[in-house]
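K.L.:
Take a look and give me a structure for this.
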Amino acid sequence: MTLTVPFEDDFSDIIKKARFGLGLSEAEVCARSGITAAALRELEAARLGPGEPALRAIGKALGLGEGKLADVAFRPSPPGMNLPESLLRIGVQGGEAKSNAFCLKDPTTHATVLIDPASDCPLLTASGPLHSILLTHGHGDHVSGVSAAMLMHSVGAMALRAEGPLLGDLGHRVGLVEPGFRVSVGSLEIEFRPVPGHTAGMACLVVPKVGLAFTGDALFARSLGRASAPGEPYHHQIEAVKREILSLPPATILCPGHGPLTTVADELRLNPFFP
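P.N.:
Numbering: from 1, shown residues only. As a prediction, this is how the structure comes out:
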């Protein structure tokens, strides 16, 4: 099945996330880029009136790939992805924003895992026995359906230990694991890789056998989830994504917490956060 979904972020979101992550004021960006405050405000409001040269100047000032940022703005190419038969994407409403939940089925035993269930997907009936629930992170638009799904299917849930405080009361009922922990689901092995920045315990769930990685809000198609704070969290997120996600084989399909699926190759080539 081919899946086409709009991008989670446009060029203005990318600019604002980079400026926030670097902790730069409007005046500082203007001084670095040589554009006016009015032009910056236009671009941050998703208006392209200042033109491509101004956009490229801002991209360079923010450490983004200015050509990639311009392509997102003027020449966007939303990915259309052929999903493996073993993967089901579920678009769910988890608060204000639509998020992605996923169901992954082992092709040998048909056992399944449910990834990041929000409030309206605990009634999901998998085509095989539900093995467990895996969490990339603890934000409500990704975990609000966990308790109901655990109860309905009589299964446990897992997240990285560093995410425990964000999970609150749910953290006492979720198995908290260390980076590198692997879950065996039939013939599949799923590894928890740490990609902190958006949250302290953000995990990327990597499934080498079927060439998939569930990136949560660490990485979107052509963008990133916003860092939890300027400075270290932003820089750590970029470095962790490079190390733990973009080092995977180029054909690996990336399944983000919002927006369309993409691949490692496409993000290396097209994501402005990685010049």
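K.L.:
quick one: L55 and G67, what's the gap?
P.N.:
Counting by C-beta to C-beta, to the nearest Å, the separation of L55 from G67 is 10 Å. In short, each C-beta sits where N, CA and C put it, glycine included.
K.L.:
More neighbours: those two, which one.
P.N.:
More crowded of L55 and G67, by other C-beta atoms under 10 Å: L55, with 25 against 15.
K.L.:
my guess is the more buried one contacts L69, does it?
P.N.:
Yes - contact criterion C-beta atoms under 8 Å: L55 and L69 qualify, at 6.1 Å.
K.L.:
give me the low-pLDDT residue ranges for the stretch 51-200 of the chain?
P.N.:
80-81, 91-97, 120-128 (pLDDT under 70).
K.L.:
Do a quick rundown of the strands in it.
P.N.:
Ranges of strands in the stretch 51-200 of the chain, per DSSP state E, counting those that start in this stretch, are 80-82, 87-93, 98-105, 112-115, 130-134, 157-160, 175-177, 182-185, 188-194.
K.L.:
Most tightly packed of those?
P.N.:
Mean neighbour count, computed with mean count of other C-beta atoms under 10 Å, is highest for strand 112-115 among the strands of the stretch 51-200 of the chain, reaching a mean of 26.
K.L.:
hang on, the earlier thing: out of the strands of the stretch 51-200 of the chain, flag the one nearest A218.
P.N.:
For A218, the closest of these is strand 188-194, at 9.5 Å, according to C-beta to C-beta.
K.L.:
Check which helices and strands the closest one is in contact with.
P.N.:
strand 157-160, strand 182-185, strand 203-207, helix 232-244 (3 or more C-beta pairs under 8 Å, 6 or more residues apart in numbering; DSSP states H and E).
K.L.:
what's the average pLDDT for the third one?
P.N.:
Read it as strand 203-207. The average pLDDT for strand 203-207 rounds to 98.
K.L.:
Give the other helices and strands that it contacts.
P.N.:
Using 3+ C-beta pairs under 8 Å, 6+ apart: strand 203-207 touches strand 188-194, strand 212-216.
K.L.:
Could you check how far that strand is from the centre of its chain?
P.N.:
Strand 203-207 has its C-alpha centroid displaced from the chain centroid by 11 Å (C-alpha atoms, centre = their mean, to the nearest Å).
K.L.:
those helices in the stretch 1-150 of the chain, which residues are they?
P.N.:
With DSSP state H, counting those that start in this stretch as the criterion, the stretch 1-150 of the chain has helices at 11-22, 26-33, 37-44, 51-61, 66-74, 140-143, 146-153.
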